[in-house]
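*Asks:* Just to be clear, the model below is a prediction. Sequence and coordinates:
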Number of protein chains: 2
Amino acid sequence: MHRSPHALDFFKAREQFLAGADTPSDYLERCIATIESRDRDVHAFVTLGLENARRAADLATSRYRAGTPLSPVDGMPIGVKDIMDTADLPTQMGNPIYKGWRPRWDAACVHALRSGGAIVVGKTVTTAFAGGATNETRNPLDVTRTPGGSSSGSAAAVGAGMVPAALGTQTQGSTLRPAGFCGAFGFKPTHAALTMQGIHPITVTHDHLGVIAGSLEDLWSVASRVAMASGGTPGSAGLHGAGETLPPPRRPRKLVVMHTEAWNTEVDERTRASFDTLCSALRSRGVEVISSRDDANFASFEDAFFGPFAERSVDISAYEMKWPYEQYLATHPDLLEARQKQRLARAAEMTPAIYAERLAEKAAMKERAKQAMADADAILTLSSSGPAPVGHANTGSRTYLLFASFLHLPAFSLPLLESQGMPVGAQLIGHAGRDGDLCSAARWIAEAMS
Amino acid sequence: MHRSPHALDFFKAREQFLAGADTPSDYLERCIATIESRDRDVHAFVTLGLENARRAADLATSRYRAGTPLSPVDGMPIGVKDIMDTADLPTQMGNPIYKGWRPRWDAACVHALRSGGAIVVGKTVTTAFAGGATNETRNPLDVTRTPGGSSSGSAAAVGAGMVPAALGTQTQGSTLRPAGFCGAFGFKPTHAALTMQGIHPITVTHDHLGVIAGSLEDLWSVASRVAMASGGTPGSAGLHGAGETLPPPRRPRKLVVMHTEAWNTEVDERTRASFDTLCSALRSRGVEVISSRDDANFASFEDAFFGPFAERSVDISAYEMKWPYEQYLATHPDLLEARQKQRLARAAEMTPAIYAERLAEKAAMKERAKQAMADADAILTLSSSGPAPVGHANTGSRTYLLFASFLHLPAFSLPLLESQGMPVGAQLIGHAGRDGDLCSAARWIAEAMS
């Protein structure tokens, strides 16, 4: 029903570049043709930089001809979320405060990709400061539906086949949700495993760099290039499993299924059936798939997470928004959304001691997650409570996304489910710092189900 | 010999503001008069913002008249190191790459101070990117000497009595060394206890916000205001002991004196005598002062620190400079100094695994420091290997400064020593996360020795 995730595989095209049967310039032109035919309706890009892109593609073409590509992403056209600094394109944060803003330097992730030969095709639409409710982007698989947010344009560009991969960010659900809604693979690493330097913050201890791609291979190439060339956020050991090739597929021994209360209150019947079918298929292939409710230790941890903890974690976000949002509020009060103002009002009430207490609660909950997950390879759940909703009033529910984001755990969204003729993502959540192992499990599942 | 540290005490002037006997506007004019008479020779400021400063002082004057000051720093003129973003003044990083650069927003520390009524008088001279060797600033106590670096202008402005306090940063020794050379109090907190957001990085896991002031009271007011209004770097619990008043003086029970090998190779006789006199005076007041060499556990830790560890920690700095310095090197190769280029060359050789290994070594050494210091209130050592050197070819030795910076420990420089008619700082290094306790000890020592 939805676009095959492999329609624009860069890793396959790259074999042709190396064989002399295709070139990065031709590949880019195919991307541009799709942008020209689709983006009038989809609105994935806020700014295009085609002249520089074509120049970069020509250089990549020369390197492949000479047999000297710079890296596995050399010649790969990518979309860059418009909260990431780019030296040659405006960076406008989805908010008029930054209309026409030109940073002087590339964000560390953009620099890593460009220094490896990747080609920035343009900046993709984001909700305001990656935290707002809605924007002009449409779901490429059904333009009456939201593409999800906040990395709306990145997911839509990949879902429409305009680029093989794009950069996003995730604070609560901003990478995996739109990836799932647009039928793409999504990945957010262990917190800080990929550098956030030069990206506009929402809340530093919840913000993650994310990657959205048409294939796991291209997704991992992009993540690995950032990890190898620029590393993690300073102080982080970086991305586990990063390298020039995708980690080998490995069948998970045991998965814990987390349905959450939203299963009965938010999720449609067809999505539930599709998810149940996936669980059965995994069981039939020898994976132990248990419900989180059948593990008393896990269930009690899960209840603690989805209880007051998740709510109180919002205090952390609020407190960390003080800089620079207090200055936006002071200078442009009309340009912040109600939710952002509420957060700042909460932050103003908070003391450093309350913030420190919330951080301590979070550290304790992360430790509890480690214990609860010790016996399993990963958690399996949904990337959203169903397919992309019809309408554009909001970018969808975050219920299924808070868990991995707040607990800093690596997570993939795999385009394996469907409902209403639309894709729905299955979310695989792994152990902190073992992103490569999770990728092996994700790869095995994706290949087993294809 | 050197300027009394209390010549420009803001906390005393503030009592007069509250009593109606003085005003922030008059206080600012006295600062400006000193700037006008001294800065031609001292070159502490790279940019002055006197018009905005006078306007801000008038507002503060009105608030004191109305009995509604915003905070303990309301009306305090401050200098801001020119690697910290200011929305109303250029931020030029001490390097021509940033000539005329105008950020759009204040760094979080500047925002915190301004929102509490503090007045930014101007931007103070820094060495290039806070890492370079030298600049145009002169020591206000003897202009034939260096003021130290990299927070040269901040220390010189305070030392000359142009402002009661100024912001600096410390990566290796950039706050405590110039504070000591210019006869001021200096403080660098536990790493990340004061936010670095909006400040140009050298190496994020070694960079600290620092404060230089003519008195401990003003120093702590500034640090506390930043802590209360903007907090620490996200993820940090913030500044221990922050509040509206200086922590009470408390006699330390036990101090460990760390002479280091530089005592015999770098330190002049008069500085050694002055330091020995301080130790004797503390002993005579009931403080147990022992040599680090008399504690086998501590001595072995100290040797490990000053051996390969300190050298290998430079790898961390190199790796973290990749962003954004790789882009400076690519675009302006002639504008980086040789040491910066050497670091980038080292970074290019490093893998993520080497970086991760260095971080792990550092974590282990921090744990070892905790054990070695468990029985003592603080470490007592020098802030420099003597008074400010004559000449301007470099900003002085870092030997005594690496320890607290690399291990993330809070440290004060107290202007209690002298040599060659110049001040020399005594450095007091405390336990991570117990900055307020260290301030109590520093206060007791400063008061006992005055």
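*Replies:* Looks like it came in fine. On a predicted model such as this, the values are computed, not experimentally measured, just so you know.
*Asks:* three-state assignment of A:S280?
*Replies:* helix (DSSP: H, G, I helix; E, B strand; the rest coil).
*Asks:* how far away is it from chain B?
*Replies:* 39 Å (CB to the nearest CB, to the nearest Å). All C-beta atoms are positioned from the backbone trio N, CA, C, and that covers glycine.
*Asks:* Pull the number of nearby residues for that residue.
*Replies:* Each residue near A:S280 was counted by other CB atoms under 10 Å in any protein chain shown, and the total is 11.
*Asks:* Can you tell me how far the closest residue to A:F10 other than its chain neighbours is from B:R339?
*Replies:* Spatial nearest neighbour of A:F10, chain neighbours left out: A:P164 (4.0 Å); criterion: CB to CB, 6 or more residues apart in numbering or on different chains. As judged by CB to CB, to the nearest Å, A:P164 and B:R339 stand 41 Å apart.
*Asks:* Between those two, tell me which one has more neighbours.
*Replies:* Comparing A:P164 with B:R339 by other CB under 10 Å, the one with more neighbours is A:P164, at 32 against 11.
*Asks:* pLDDT value on A:R3, please?
*Replies:* With respect to pLDDT, A:R3 scores 44.
*Asks:* mind showing which ranges of chain A have poor pLDDT?
*Replies:* A:1-7 (pLDDT under 70).
*Asks:* same thing but 50
*Replies:* A:1-5 (pLDDT under 50).
*Asks:* biggest helix in it by residues?
*Replies:* Counting residues, the longest helix found in chain A (DSSP state H) is helix A:352-373.
*Asks:* by contact count, what packs against it?
*Replies:* helix A:296-304, helix A:310-320 (3 or more CB pairs under 8 Å, 6 or more residues apart in numbering or on different chains; DSSP states H and E).
*Asks:* May I ask you to confirm that the residue nearest to A:F10 is in contact with A:L8?
*Replies:* Yes - if you go by CB atoms under 8 Å, A:P164 and A:L8 touch, sitting 4.8 Å apart.
*Asks:* who touches both of these two?
*Replies:* Counting by CB atoms under 8 Å, 6 or more residues apart in numbering or on different chains, the shared contacts of A:P164 and A:L8 are A:C31, A:G214.
*Asks:* Okay, strands next: where are they in the stretch 301-450 of chain A?
*Replies:* A:378-382, A:411-419, A:422-429 (DSSP state E, counting those that start in this stretch).
*Asks:* out of these, which comes closest to B:R272?
*Replies:* strand A:411-419 (58.7 Å; CB to CB).
*Asks:* ok, the closest one: who's next to it in the sheet?
*Replies:* Strand pairing for strand A:411-419, using DSSP bridges, gives strand A:185-188 (antiparallel), strand A:422-429 (antiparallel).
*Asks:* Keeping just the C-alphas, turn that strand into CSV.
*Replies:* Presented in CSV, the C-alpha positions along strand A:411-419 are these (Å, rounded to 0.1, in the frame of the first residue of the first chain):
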residue,chain,number,x,y,z
ALA,A,411,14.7,3.2,19.5
PHE,A,412,13.8,2.3,16.0
SER,A,413,10.6,2.8,14.1
LEU,A,414,10.1,0.0,11.6
PRO,A,415,7.5,0.4,8.8
LEU,A,416,6.0,-3.1,9.4
LEU,A,417,2.3,-2.4,10.2
GLU,A,418,-0.7,-0.9,8.5
SER,A,419,-4.1,0.4,9.1
